[in-house]
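Peer 1: Have a look; sequence and predicted model below, questions after that.
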Amino acid sequence: MTTFCLLQISLVLLCITKISTQDCNILPLLHNKMIQGNLHLLNKMGQQFPEQCQSEKIHFKFPEQFLKLRQKENAKVEIQEILQLIFYIFTKNLTLAAWDGRFLERFQNGLNQQIEHLEACLTEKMEKKQPYSRSEEIIRLKLKKYFQKIDNFLKDKQYSLCSWEIIRLEMRRCLQFIDKVIGRLRN
Amino acid sequence: MMAVLIGPLSFCQLVYLSTLTTTLFSLPEASVINPPQNLTMNSQNFEHILSWEPGSNTTMPTYYDVMYIGLSGSENKWKIAKECSNTTRLFCNLTKEYEECTYTYIAMVQSITGHKVLNSSIFQFSPYTTTYLGPPAVNLTACPTCINVTVKLPATYLKGSSLIDIYHKLDYTITVESFDRKEKIPIKNETSEESFSYVVGSLHSNTNYCVSVAVAASLNHHSTPSALKCIITRSNTQPGYSIIPIINGGLVSLVIGIFLLGLYKGGFICLKSKPWPKALETTNKLHCSVHEPDPENVCSVQIIYKEMEKKEWEYSSDDDSESDSENSGDYTRRVILGRDPSSHAKSNTFVHQTIDCTSAESSSQATELLSSDAENSEEHQSVIRENESISRVFFHPSSEVNSSSTSELSNSACFNINLNTVMLGDPDKTWDDSATLISHQKDAVDLQDSSASDALESKNFTNTDVKKPDYHNISHEWQKPSVSDESDASDSEYIRR
């Protein structure tokens, strides 16, 4: 009985989520909300930046040309790629991070949700995708380089507390930029 | 036994503890110095002011340094805020230091009391998500059942960036409430413009409403709403509004009136057609009549053109001014045959002549202008034809000649010479051989052309050397006939031209 009930509930939930994720028209508004939530969680999971970690920080040059992407569909693809890369980073060794586990988990789920939603909407409109221009290719490469640098930094610092705090700050900035680009998609 | 021992021991401890505490409390507070505390940031539209409290009340002066790091930046070392180094104030404006709006900054206040340096706790701040946005500037205009709300976003303290540049899209909330606070209507919308307007409809007419607007961003919900502005929804237009078009109309008509007046005054438009007054007609005639005698007074006399010309031509043929110094006297009198193309007014032939006219005789070396204009030339022509027998007059620079020549010229009538009919020639030779002045004149016109000497039959007549004559120069020469050097110089100049 209980298993049958649970099955029903899960089916219903699945349907609901399926239905809700297909509403791609309100994608920008929805994603703004989602990013807000994720950013809030990111802030909550840790404390204020520790003083002793300042000396270790380095400058990760986020490619700001990304903010000037013109093609909407390509911008969405880029956003999806970035979110995937962020998600990938937060699956690494977090034992030394000393963060609140609940918020961390919710943050990861939130990111995942966003990624899936974007994927669903983008596959729908796959035929509308414009080929990448040279400038867009360059932006893609720069973004990949940026995340590679972050990955290397974490590896070098052996996933220490300070390195994670530095990365957490950087990811906040990254999400702020994504929020800005999504805002532009609302036009 | 034990109790007795314990008793004194605890008593001792008690005494010890109490003395210790009293001494501790009685210690002067000056020896306890705390670092700055309670760091707070007051940030509005990206203007950040950090303030703190002193660690402890001390009589000694305390200096503060504010240090900061941009965590997302490349620097690892603490930087001192320039405006807040060694300050005694308890606040610091970090607007210029926190110039990257997306960065997270940390700040620390260092206090220096005498030799003691203490650091406060670190204060973390992200301008992008924490600064307060607003208040916007609100303007209201009323209509019968609605209010038109015009909102202008505040400027940021970041150089060259507006709120729209930073956030791209802002959410705004218009709160409309009736004056008695009975109904409250929040209206939410979003904007990407610096200045925008929104019409709040479905309102009661003749009711006092108060409006307030607040702006926020998706990642920054901190906002400062604008002050309440109240307006009454009127059913009819304000009298004040009707005055403005009347004033505009008046101004326009005034401008048009002034313009027309100007045109009328300038004579471009004639509103009335008046007949020309008689008085003006007569003056017109007078005006004409006055000019008439002038040509009559212009008297010309037979000119020894040929003499002078000959010499002139001789002179020119020599191509040297030195040999003519002996004839300087005569050379000074030079007939200007050529016309200076540049000045018609000067196109007169300066003739040293004896005047014997009906008008007063001029014994002085008057130089009258013989206008070589077409009109006068015609006159001259006619006159000369009348008086064919013209006695030759020998011109000399001296004034004595005048009297002699006047005697010679016994004519009482004035006559004008048409230079075209003047004949040039060597007085020793017959007149027939001399060339006419007509050709000379023509040649004079073609002075600049070397081929103009065809008409002229006189010998040694080369025009090439005779360039543009300078009338002024020659007139000066006449005044000083005795100065041979000058004439030489003028000759040479003349020739050179």
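Peer 2: All right, it came through fine.
Peer 1: What is the neighbour count of residue B:214?
Peer 2: Residue B:214: 19 surrounding residues under other CB atoms under 10 Å in any protein chain shown. C-beta here means a position set from N, CA and C on the backbone, and glycine is covered the same way.
Peer 1: Give me the secondary structure label for it.
Peer 2: Classification of residue B:214 using DSSP: H, G, I helix; E, B strand; the rest coil returns strand.
Peer 1: Report the beta-bridge partners for it.
Peer 2: Residue B:214 has the following beta-bridge partners by DSSP bridges: residue B:173.
Peer 1: Verify the contact between it and residue B:172 for me.
Peer 2: Yes: in terms of CB atoms under 8 Å, residue B:214 counts as a neighbour of residue B:172; the distance is 6.7 Å.
Peer 1: joint contacts of those two?
Peer 2: residue B:136 (CB atoms under 8 Å, 6 or more residues apart in numbering or on different chains).
Peer 1: Now do the helices in chain A.
Peer 2: A:2-21, A:27-45, A:72-89, A:101-124, A:134-156, A:161-185 (DSSP state H).
Peer 1: okay, those, which one's buried deepest?
Peer 2: helix A:161-185 (a mean of 21; mean count of other CB atoms under 10 Å in any protein chain shown).
Peer 1: got the angle between that one and helix A:27-45?
Peer 2: If you take axes from the mean of the first three to the mean of the last three CA atoms, to 10 degrees, helix A:161-185 sits at 160 degrees to helix A:27-45.
Peer 1: Just put the helices of chain A in TSV and tack on distance to residue B:247.
Peer 2: Below are the helices of chain A laid out as TSV (distance: least, CB to CB, whole Å):
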stretch	distance to residue B:247
helix A:2-21	60
helix A:27-45	48
helix A:72-89	51
helix A:101-124	58
helix A:134-156	56
helix A:161-185	46
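Peer 1: per-residue confidence for residue 116?
Peer 2: As the question left the chain open, I've gone with chain A. For residue A:116, the model assigns a pLDDT of 90.
Peer 1: Chain B was what I was after
Peer 2: pLDDT, residue B:116: 85.
Peer 1: So which residues on chain A come close to chain B?
Peer 2: Taking CB under 8 Å from any CB of the partner chain as the measure of proximity, chain A contacts chain B at A:32-33, A:35-36, A:39, A:48-49, A:51, A:54-60, A:166, A:169-170, A:172-173, A:176-177, A:179-180, A:183-184, A:186-187.
Peer 1: where does residue A:63 fall, phi/psi-wise?
Peer 2: phi -70, psi 110 (degrees, to the nearest 10).
Peer 1: quick one: contacts for it?
Peer 2: Shown in contact with residue A:63 (CB under 8 Å, 6+ apart): A:139, A:142-143, A:146.
Peer 1: what residue lies at the spatial centre of chain A?
Peer 2: Computing the C-alpha centroid of chain A and ranking residues by CA atoms, centre = their mean puts residue A:83 first, at 2.8 Å.
Peer 1: which element is residue B:231 on?
Peer 2: Using DSSP states H and E, residue B:231 sits in strand B:229-232.
Peer 1: Output the contacting helices and strands for that strand.
Peer 2: strand B:137-143, strand B:208-216 (3 or more CB pairs under 8 Å, 6 or more residues apart in numbering or on different chains; DSSP states H and E).
Peer 1: Format these as TSV; extra columns: mean pLDDT.
Peer 2: Formatted as TSV, those follow (pLDDT from 0 to 100):
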stretch	mean pLDDT
strand B:137-143	92
strand B:208-216	92
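Peer 1: winner for burial among these?
Peer 2: Across the helices and strands packed on strand B:229-232, averaging neighbours per residue (mean count of other CB under 10 Å) puts strand B:208-216 on top, at a mean of 21.
Peer 1: Next, the angle from that one to strand B:137-143.
Peer 2: Strand B:208-216 runs at 140 degrees relative to strand B:137-143, counting by the same axes, to 10 degrees.
Peer 1: gap between the two ends of stretch A:40-57?
Peer 2: 23 Å (CA to CA, to the nearest Å).
Peer 1: Let me know whether the residue nearest to the centre of chain A touches residue A:117 as I believe.
Peer 2: No: counting by CB under 8 Å, residue A:83 does not reach residue A:117; the two are 9.9 Å apart.
Peer 1: Tell me which residues touch residue B:41, please.
Peer 2: B:48-51, B:123, B:125, B:130.
Peer 1: Got a PyMOL select line for the buried ones in those residues?
Peer 2: Only the buried entries of the contacts of residue B:41 go into this PyMOL selection, using 16 or more other CB atoms under 10 Å in any protein chain shown:
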select buried, chain B and resi 48+50+123+125
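Peer 1: want to throw the contacts of residue B:41 into TSV with pLDDT and secondary structure?
Peer 2: Formatted as TSV, the contacts of residue B:41 follow (pLDDT from 0 to 100; DSSP: H, G, I helix; E, B strand; the rest coil):
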residue	pLDDT	secondary structure
B:48	94	strand
B:49	94	strand
B:50	93	strand
B:51	93	strand
B:123	90	strand
B:125	91	strand
B:130	91	helix
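Peer 1: Find the pair from the contacts of residue B:41 with maximum spatial separation.
Peer 2: Largest separation among the contacts of residue B:41 by CB to CB: B:51 and B:130, giving 15.2 Å.
Peer 1: Local confidence estimate at the nearest residue to residue B:183 once chain neighbours are set aside?
Peer 2: Closest residue in space to residue B:183, ignoring its immediate chain neighbours: residue B:177 at 6.6 Å, by CB to CB, 6 or more residues apart in numbering or on different chains. With respect to pLDDT, residue B:177 scores 88.
Peer 1: same deal with the one 3 residues further on?
Peer 2: Per-residue pLDDT puts residue B:180 at 78.
Peer 1: still on that earlier bit, do you know which of the helices of chain A lies nearest residue B:93?
Peer 2: helix A:161-185 (23.9 Å).
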